[in-house]
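[1] build me a structure from this.
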Amino acid sequence: MHGQTAEARFHRGDDLRWADPAFDDSDWELVASRRLPRLEEFRKNRLWVRTRVEIPAGEPVALVFRYCACEFYLNGKRVGSTGNLNSPRPNPGRLVQVIWLPADTPPGPALLEIRHYIMPGMEVVGSSWRRAVPRIVPGSEALAAYRQVRFFLFEQVAGVLLLILVAALAALAGLRFDLLSVLICQYLAVAALNTYLYSDWGGSNWFVSVQIAQFTIWPQTLIVTAVASMLAGVPLQARWFGPFACLIMFVRAAAQLELSNASPSPLILVVAVGYPLGSALAVTIDLVLVSAGWRRPTAPRPLLVVALLIHVFGLLGRFGVGFGTMPAGIPILGSTLLWDNISKLLFGVLAGAFVIRRARERRAEEQRMKGELQAARSVQSMLLGQSMPASVDAVYVPASEVGGDFYYVSETPQGTLVMVGDVSGKGLQAAMTVSAILGTLRGLVVNAPDQVLSTLNRTLVGNTAGFVTCCCVLVRNVEVLVANAGHPAPYFDGVECTGESGLPLGVSAEAAWEVSTHPRPSVLTLISDGVVEATNADGELFGFERALAISRKPAKEIAHVAQAWGQEDDVTVVTIR
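    Sure thing, here's the model as predicted:
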């Protein structure tokens, strides 16, 4: 394969006389030089390259080229172009093109002159024209040269990143997405899209592909920094992340606008200074985050290091690869795996594995919690599943796997003791408190409602994080004794009980409750607040008035009405006839 020699020279500007083979280019700068461009050189968006090549003999010859709009001359004769270099903004079409040299091109040494158009801002993002080495090859090698110049590994990298994204999303399916997982999946998506767009198959319009690809770069720096911050356990605070994000977005926006211009504008100076400054700042921040995360035993250190490498390679790409001071990447499979893609792959693999592992751990934890809740519900059902006197009807409908409501009915020599209560909170902790309460009630040696509440209160004070409301009723032959600890009042024949309500249980060890005495009604109904707090689709509460209106109905019917209205909390109803 043949291409540019080490003596390839370039000059910024545009003059068709530079295509003349007799032109003396000895004072031109070598393409292989390691000098960084000066700021004023960024203002020029055309340059020429002159190099000696070898034209193979024996078959048609192809010239394979990548990256930008160019016009090609061989020994001073125009042989083709990838865009109209005489227009203000040439469009080369595809990213990689093949130009066949005229059939009468003589074999042997020749002078190749290339007239380049450089999009404003691309010189800052990375002087890709230095890596745009044309391949002059026999026709039989044209396909292989096309694949190599095209960096066909771009599609493979994009495909791997996409597969990792799909695997991460599949692992997260059915789980609640946390911010860290969302940010990692966002990075995988934009990195895969960005890599694909930079490949030749990313689009037939070079300008459109570069514009969209540059736009997908915008969030990558911020996402990686945010992920590194969360992995390192450093709070993502607006006071440091905000200015950093503003700088990155401002520079990216300036670069995007500059790429849209036909000729360089004053924005090019903002981009020339801000682009490397933003990359250097990202590296500095990540160094601090890696240092902070390294001291945390649970931090995924390899992932933190790779997050740093992404920004390091980005910075080297501006000053190293882009200006020819270091190789573009690692040669592999006849192509080049770029440093940016290496860091993307490493971060994608590690971050994807991190998300999948976290998802598996969360699913296992949820399964464990589900098993514990099912066991708690079984225990709770067993404890509540007591035999009832014929006159008592009780219904309990938890709002979730296990509830915080409870009821208790016991026949005693002094009468029928009936209790309905509600534990603050939900889930397993509330269910465990209910179990403790029911266990205490089964061992009662007192029957007076105020004494029952005092016994429960001694059990709960200091042993529960919340509180418990409870209504205790002792039904005798001709009267009913009521003691209420912050619970909805009972209903006597459709009328709300007027007895005093005291403090909930578990609040104070010195709390005491008064007992009120009432004539025995025909229908006595006790409910939990899940009935009155039922809420319909319009946000309207079921309320005390509706509860009062149906309080003479059977327990199952009252519970059914509350459920149909819109159950929000556990519903418990006990009726005594």
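
[2] quick one: mean pLDDT for stretch 172-181?
    Averaged across stretch 172-181, the pLDDT comes to 87.

[3] what residues does that stretch touch?
    Residues outside stretch 172-181 that contact it (C-beta atoms under 8 Å, 6 or more residues apart in numbering): 168, 185, 227, 230-231, 355, 358-359, 362-363, 366. Where you see a C-beta, it was placed from the backbone N, CA and C, and this is true even at glycine.

[4] emit the PyMOL select command for whichever of those residues are buried.
    One line in PyMOL is enough to select the buried ones among the contacts of stretch 172-181; burial here means 16 or more other C-beta atoms under 10 Å:
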select buried, resi 168+185+227+230+231+355+358+359+362
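
[5] switch the contacts of stretch 172-181 over to CSV; also include pLDDT, distance to Ala564 and secondary structure.
    Shown next, in CSV, are those (pLDDT from 0 to 100; distance: C-beta to C-beta, whole Å; DSSP: H, G, I helix; E, B strand; the rest coil):
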residue, pLDDT, distance to Ala564, secondary structure
Ala168, 92, 41, helix
Cys185, 94, 40, helix
Val227, 94, 47, helix
Met230, 93, 44, helix
Leu231, 92, 48, helix
Val355, 93, 42, helix
Arg358, 91, 40, helix
Ala359, 91, 37, helix
Arg362, 88, 35, helix
Arg363, 87, 34, helix
Glu366, 81, 30, helix
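
[6] now, among the contacts of stretch 172-181, which is nearest to Val445?
    Glu366 (42.3 Å; C-beta to C-beta).

[7] excluding chain neighbours, what is closest to the closest one?
    Leu175 (7.6 Å; C-beta to C-beta, 6 or more residues apart in numbering).

[8] circling back: tabulate the contacts of stretch 172-181 (JSON lines), appending distance to Arg520.
    Shown next, in JSON lines, are the contacts of stretch 172-181 (distance: C-beta to C-beta, whole Å):
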{"residue": "Ala168", "distance to Arg520": "65"}
{"residue": "Cys185", "distance to Arg520": "65"}
{"residue": "Val227", "distance to Arg520": "68"}
{"residue": "Met230", "distance to Arg520": "63"}
{"residue": "Leu231", "distance to Arg520": "67"}
{"residue": "Val355", "distance to Arg520": "64"}
{"residue": "Arg358", "distance to Arg520": "60"}
{"residue": "Ala359", "distance to Arg520": "59"}
{"residue": "Arg362", "distance to Arg520": "54"}
{"residue": "Arg363", "distance to Arg520": "55"}
{"residue": "Glu366", "distance to Arg520": "49"}
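
[9] farthest-separated two in the contacts of stretch 172-181?
    Val227 and Glu366 (23.6 Å).

[10] can you find the helix or strand in this structure with the smallest mean pLDDT?
    Least confident helix or strand, the chain: helix 122-125 with a mean of 70, by mean pLDDT, DSSP states H and E.

[11] how about the nearest residue to Pro398, chain neighbours excluded?
    The shortest distance from Pro398 to any residue other than its chain neighbours is 5.0 Å, reached at Asp570 (C-beta to C-beta, 6+ apart).

[12] let me fix that: Ala485
    Cys470 (4.6 Å).

[13] quick check: the one you found vs Arg43, distance?
    Distance of Cys470 to Arg43, computed by C-beta to C-beta, to the nearest Å: 82 Å.

[14] which one's more surrounded, the two?
    Cys470 (28 against 17; other C-beta atoms under 10 Å).

[15] and the next helix or strand past the host helix or strand of that one?
    For Cys470, the host element (DSSP states H and E) is strand 468-475. The first helix or strand that comes after strand 468-475 along the chain, using DSSP H and E, is strand 479-485.

[16] next secondary structure element downstream of that next one?
    Helices and strands here follow DSSP H and E; after strand 479-485, the next one along the chain is strand 491-492.

[17] what is the helix or strand just after that following strand packed up against?
    Going down the chain from strand 491-492, the next helix or strand is strand 495-496, by DSSP H and E. Helices and strands touching strand 495-496, by 3 or more C-beta pairs under 8 Å, 6 or more residues apart in numbering; DSSP states H and E, are helix 543-549.

[18] contact partners of the helix or strand just after the helix it packs on?
    Note on helix 543-549: by DSSP H and E, the next helix or strand toward the C-terminus is helix 555-566. The contact list for helix 555-566 (C-beta under 8 Å, 6+ apart) reads 393-395, 397, 525, 527, 530-531, 534-537, 542, 546-547, 550-551, 553, 571-575.

[19] contact partners for the residue positioned nearest the centre of the chain?
    With distances taken as C-alpha atoms, centre = their mean, the residue of the chain nearest its centroid is Val182 (1.1 Å). Neighbouring residues of Val182 by C-beta under 8 Å, 6+ apart: there are none.

[20] from Cys246, how far out is it?
    Taken as C-beta to C-beta, the span from Val182 to Cys246 is 22 Å.

[21] need the pLDDT of the most far-flung residue of the chain relative to its centre.
    Centroid-distance maximum for the chain: Val478 at 66.0 Å, with C-alpha atoms, centre = their mean. We have a pLDDT of 89 for Val478.

[22] just give the nearest non-adjacent residue to it, would you?
    Val478 sits nearest to Arg520 (C-beta to C-beta, 6+ apart), 5.5 Å away.

[23] and for Gly139?
    Pro60 (4.1 Å).

[24] number of nearby residues for that neighbour?
    Counted with other C-beta under 10 Å, the neighbours of Pro60 add up to 14.

[25] distance of it from Val160?
    Pro60 is 36 Å from Val160, where distance means C-beta to C-beta.

[26] quickly find the element holding the closest residue to Val160 other than its chain neighbours.
    Closest residue in space to Val160, ignoring its immediate chain neighbours: Leu345 at 6.3 Å, by C-beta to C-beta, 6+ apart. Following DSSP H and E, one finds Leu345 within helix 339-384.

[27] what packs against the helix or strand following that helix?
    Next in sequence after helix 339-384, counting helices and strands by DSSP H and E, comes strand 392-397. Under the contact definition 3+ C-beta pairs under 8 Å, 6+ apart, strand 392-397 sits against strand 405-412, helix 555-566, strand 571-576.
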